[in-house]
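**Student:** Sequence first, then the predicted structure:
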Amino acid sequence: MTVILNVRARLRSLPLAAAAAACLLSFAAFWLAQRAAHVTMLDLSVYRAEGETVLAGGDLYAMRATSANLPTTYPPFAALLFTPLTLLGVPEMRTLATAGNLLLLLALVRLSLRLVGRDRPETALWAAAALVWCEPVWTTLRYGQINLLIAVAVLWDLTRREDNRWSGVGIGLATAVKLTPGLFVVLLFAVGVARARAHGWRQGWTPWLRRAATATGVFVGVTVASAVVLPYDSRRFWTHMIFETSRVGRKEETANQSLNGVLARLLHTTDPGLWWVLAAAVVGLAGLAVAVLAALRGDRPVAVVACATTALLVSPISWSHHWVWCVPALILLATRVRPVWTAATALVFGSFALWWVPHAPAPVRLELHQNAGQMLLSGLYTLVGIALLGAFAARLRRQAVANE
């Protein structure tokens, strides 16, 4: 009897072992491919330089780092978080960042599966083995970016139980590092207020409002603390640098997969101006409405993906590596739509097609002279984002009609 039980246990462990082996092999191949491509992790070097500047008492927003002469673009709180990087040598820092980001990818996949109610370890390992080769993930690790950390912090909050006292902390910290996740705070407040109103305010402090208040409190708390430590840099960022989007990069660059970038390339201009403001307002309101309505109907996965997609679309600059939110989006699609649509979306993010068009670093502006086909390829993420919001809206509409 003992022998039979041992055999059964080993058979049950085979799928998990196979998934773990496949994930390990995929990650090892990815690591070797990145080394063969001689990735420089420029952004990681900028983070380290920010930490050094803070410790040296220098001017954070006058700093320039790396051969690309890159500036500081995040709030001062981020620079304080980067100070531990100064304790490492550059090779050790790059190795640790690569290993850390691969673990964060596993965490993001696992949280995404939890979001859609399919949280199985072997599924997470198989999915991570494939999703590591998506262009946003590849580019995140190529530059040593923090996109996976931001996404994990947000999803950690949104997959907690409603009575979890720490829910909201992740979103607050993420917003203090990069402002874009702040749209999730707006979503939490909007859903909380709508639910409270629907019950005549009898429920009082709803879980969504508690999360929103916690996120806001954490954001304000760490921002004020950063201002106490770095008063000059904080004043400069919140009164001036926050409005200087040109510091981040050129709007028309192919890597900019926001509405702003697509319009710049479409109109052959370096600044779409009012056209972007109008487009961002329409898409922002529509996308947020979709997210709120989905949350009110109990469809949290659609609410989360819709909110993340909306934030990426309306941001002045959303580099291709910011689109690591393709991970929860693809996992959601895999559970909701026909395999052909999931495969088509995966092909967009896994094909690196946006880099098939003419592009070049400043001061060359090849992106301003793209033809129709090139513009289509260089706007694929934006088009997929708009299509996702449209599909979510249509699905919610069909549900409303069916319930009438």
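**Tutor:** Alright, I've got the coordinates. Residues are numbered from 1 along each chain as shown.
**Student:** Could you pull out the strands in the protein for me?
**Tutor:** In order along the chain, the chain carries the following strands (DSSP state E): 64-65, 70-71.
**Student:** Which strands or helices does the last one pack on?
**Tutor:** What that stands for is strand 70-71. When contacts are defined as 3 or more Cβ pairs under 8 Å, 6 or more residues apart in numbering; DSSP states H and E, strand 70-71 sits against helix 42-56, strand 64-65. For the C-beta atoms, the positions are set from N, CA and C on the backbone; glycine is no exception.
**Student:** What mean pLDDT does the first one get?
**Tutor:** With pLDDT averaged residue by residue, helix 42-56 scores 94.
**Student:** now could you export just the CA positions of it as PDB?
**Tutor:** Written as PDB, here are the backbone C-alpha positions of helix 42-56 (Å, rounded to 0.1, in the frame of the first residue of the first chain):
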ATOM      1  CA  LEU A  42      21.400  51.500 -19.400                       C
ATOM      2  CA  ASP A  43      18.400  52.300 -17.200                       C
ATOM      3  CA  LEU A  44      19.800  50.300 -14.400                       C
ATOM      4  CA  SER A  45      23.000  52.300 -14.600                       C
ATOM      5  CA  VAL A  46      20.900  55.500 -14.400                       C
ATOM      6  CA  TYR A  47      19.200  54.200 -11.300                       C
ATOM      7  CA  ARG A  48      22.600  53.500  -9.700                       C
ATOM      8  CA  ALA A  49      23.800  57.000 -10.600                       C
ATOM      9  CA  GLU A  50      20.600  58.500  -9.000                       C
ATOM     10  CA  GLY A  51      21.500  56.700  -5.800                       C
ATOM     11  CA  GLU A  52      25.000  57.900  -5.900                       C
ATOM     12  CA  THR A  53      23.800  61.500  -6.500                       C
ATOM     13  CA  VAL A  54      21.500  61.300  -3.500                       C
ATOM     14  CA  LEU A  55      24.200  60.000  -1.300                       C
ATOM     15  CA  ALA A  56      26.600  62.700  -2.500                       C
END
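**Student:** residues of that helix that come out buried?
**Tutor:** Taking 16 or more other Cβ atoms under 10 Å as the neighbour-count basis, helix 42-56 is seen to contain the buried residues 42-54.
**Student:** Go through the residues you listed and name the one nearest residue 223.
**Tutor:** Within these, distances to residue 223 taken as Cβ to Cβ reach their minimum at residue 54, with 15.4 Å.
**Student:** For residue 225, see how far away the closest one is.
**Tutor:** Residue 54 sits 14 Å away from residue 225, going by Cβ to Cβ, to the nearest Å.
**Student:** which residues sit in contact with residue 251?
**Tutor:** 245, 260, 261, 264, 270, 271, 272, 316, 317 (Cβ atoms under 8 Å, 6 or more residues apart in numbering).
**Student:** Quick one: neighbours of residue 255, just the number.
**Tutor:** 20 (other Cβ atoms under 10 Å).
**Student:** Is it in contact with residue 320, as I believe?
**Tutor:** Yes: between residue 255 and residue 320 there is a contact under Cβ atoms under 8 Å: 5.0 Å.
**Student:** hey, what's in contact with both of the two?
**Tutor:** Residues touching both residue 255 and residue 320 by Cβ under 8 Å, 6+ apart: residue 354.
**Student:** what number of residues lie near residue 77?
**Tutor:** The tally of other residues near residue 77 (other Cβ under 10 Å) stands at 23.
**Student:** And it, how far from residue 126?
**Tutor:** Applying Cβ to Cβ, the value for residue 77 to residue 126 is 36 Å.
**Student:** So what's the residue count around residue 343?
**Tutor:** 13.
**Student:** Quick one, grab the pLDDT at it.
**Tutor:** The score at residue 343 is 94. That number is its pLDDT.
**Student:** Tell me which of the helices and strands packed on strand 70-71 lies nearest to residue 326.
**Tutor:** Proximity to residue 326, assessed across the helices and strands packed on strand 70-71 by Cβ to Cβ, is greatest for helix 42-56 (19.1 Å).
**Student:** Residues contacting the closest one, please?
**Tutor:** Under the criterion Cβ under 8 Å, 6+ apart, residues 59-60, 63, 65-68, 70, 72, 74, 78-80, 82-86, 90, 93-94, 97, 143-146, 230 lie in contact with helix 42-56.
**Student:** Selecting buried members of these in PyMOL, what would you type?
**Tutor:** The following PyMOL line selects those of these that are buried, judged by 16+ other Cβ under 10 Å:
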select buried, resi 60+63+65+70+72+74+78+79+80+82+83+85+86+93+94+97+143+144+145+146+230
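**Student:** now, which of the contacts of helix 42-56 lie within helices?
**Tutor:** Judged by DSSP state H, helices contain the following of the contacts of helix 42-56: 78, 79, 80, 90, 93, 94, 97, 143.
**Student:** pretty sure residue 141 contacts residue 101?
**Tutor:** Yes: applying Cβ under 8 Å, one finds residue 141 in contact with residue 101, separated by 5.1 Å.
**Student:** Who has more neighbours out of those two?
**Tutor:** The residue with more neighbours, out of residue 141 and residue 101 and counting by other Cβ under 10 Å, is residue 141; that gives 26 against 23.
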